[in-house]
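K.L.:
What follows is a predicted protein model with its sequence.
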Amino acid sequence: MSNLLTVNGLTKQFGGVLAVSDVSFEVNKGEIVAVIGPNGAGKTTLFNMISCFMPPTKGEVHYKGTRLTGQKIPNLAPLGISRTFQNLQIFENMTVLENVMMGTHVKLKTNVLSAAFKLPRVKKDEKMAFEMAMEVLKFVELEDLMFEKAGQLSYGMQKQLEFARAIVYNPEFIMLDEPMAGLNDTETNRMAGYIQRLKNKGTSFLFVEHKMATVMELADRIVVIDFGKKIAEGTPDEIQRNEKVIAAYLGEEAV
Ligand SMILES: Nc1ncnc2c1ncn2[C@@H]1O[C@H](COP(=O)(O)OP(=O)(O)OP(=O)(O)O)[C@@H](O)[C@H]1O
């Protein structure tokens, strides 16, 4: 299995709070890796450093040999990396179709000048953007709602829409921050199905999630964070039997 993402010694200090401390792990091609841990363990901070939303105090991240740390967020998509957010980032006043088409610009060559002069390429790009968007809307079963305003959709559908926008340019590596948060069981299974189907086509994932049943079902490997430190890493079976992990979660329940 070839290595895709290398997280090396990531550390984040917020004043006196050591939110993440010397965390290292890898994601290999075709793998689904989950990051779990009790509330406040440092998962979001770790995720934000990996996806270039926050600079680390120490440590670095590489993707296929390219240093991600210090990169600007728009540089990630051309590398084949995509991410979704814990809080939905959809455009409520735009249609479902327009939201997804927004995600296609990475692959297309149209820029402001060519669009302003309505060069022939613009028409071709618009057609391609539409076709790409329709393909993923079918994949997430939202094609019947393509002309609805995104703000009119249920929360579960809005999550599907955000996922559609994240996958529309065929990224090789997708980072999902709590993809199942706020979803009911049916919606959770539906989202898990999309992730699994993309994995079967070779896409790799890193995701943070609180819903343990989903994590255990989807992840090939799990990284467990507690008080900012990696306390365990292994397959779902190994993690469920790991005493340090059990103690960390029991501690959380006792709080
Ligand atoms: N911007 C910030 N400034 C100061 N402290 C912060 C900041 N962001 C996070 N922290 C602290 O860092 C620690 C880790 O927070 P983080 O949100 O990364 O944890 P988490 O595992 O994602 O939590 P949850 O599961 O509740 O989302 C917490 O103690 C939190 O209070």
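P.N.:
Cool, the structure landed.
K.L.:
Buried ones in the strand or helix carrying Ala192, by neighbour count?
P.N.:
Under the criterion of DSSP states H and E, Ala192 resides in helix 185-200. Neighbour-count burial for helix 185-200, counted by 16 or more other CB atoms under 10 Å, picks out 187-188, 190-192, 194-195, 198-199. (Each C-beta comes from the backbone N, C-alpha and C, glycine too.)
K.L.:
Next, the angle helix 185-200 makes with the longest helix that the chain contains.
P.N.:
Using DSSP state H, we find that the single longest helix of the chain is helix 120-139. Angle of helix 120-139 versus helix 185-200, following axes from the mean of the first three to the mean of the last three CA atoms, to 10 degrees, is 120 degrees.
K.L.:
Report all helices and strands that helix 120-139 contacts.
P.N.:
Under the contact definition 3 or more CB pairs under 8 Å, 6 or more residues apart in numbering; DSSP states H and E, helix 120-139 sits against helix 96-102, helix 112-116, helix 155-167.
K.L.:
returning to that earlier point: each with direction, which strands does the following helix or strand past the helix holding Ala192 pair with?
P.N.:
Counting by DSSP H and E, the next helix or strand C-terminal to helix 185-200 is strand 204-208. Within its sheet, and counting by DSSP bridges, strand 204-208 is paired with strand 32-36 (parallel), strand 173-177 (parallel).
K.L.:
now strand 204-208: mean pLDDT?
P.N.:
Averaged across strand 204-208, pLDDT comes to 97.
K.L.:
does the ligand sit close to it?
P.N.:
No - applying CB under 6 Å from any ligand atom, one finds strand 204-208 separated from the ligand by no less than 6.9 Å.
K.L.:
what's that strand in contact with?
P.N.:
4-5, 27-36, 43-44, 47, 50, 172-179, 195, 198-199, 218-219 (CB atoms under 8 Å, 6 or more residues apart in numbering).
K.L.:
quick one: low-confidence ranges for the stretch 101-250 of the chain?
P.N.:
Counting by pLDDT under 70, the stretch 101-250 of the chain shows low-confidence ranges at 106-123, 250.
K.L.:
Tell me the residues on the chain that lie near the ligand, please.
P.N.:
14, 17, 19, 37, 39-45.
K.L.:
Tell me the one of those nearest Tyr155?
P.N.:
Thr44 (19.8 Å; CB to CB).
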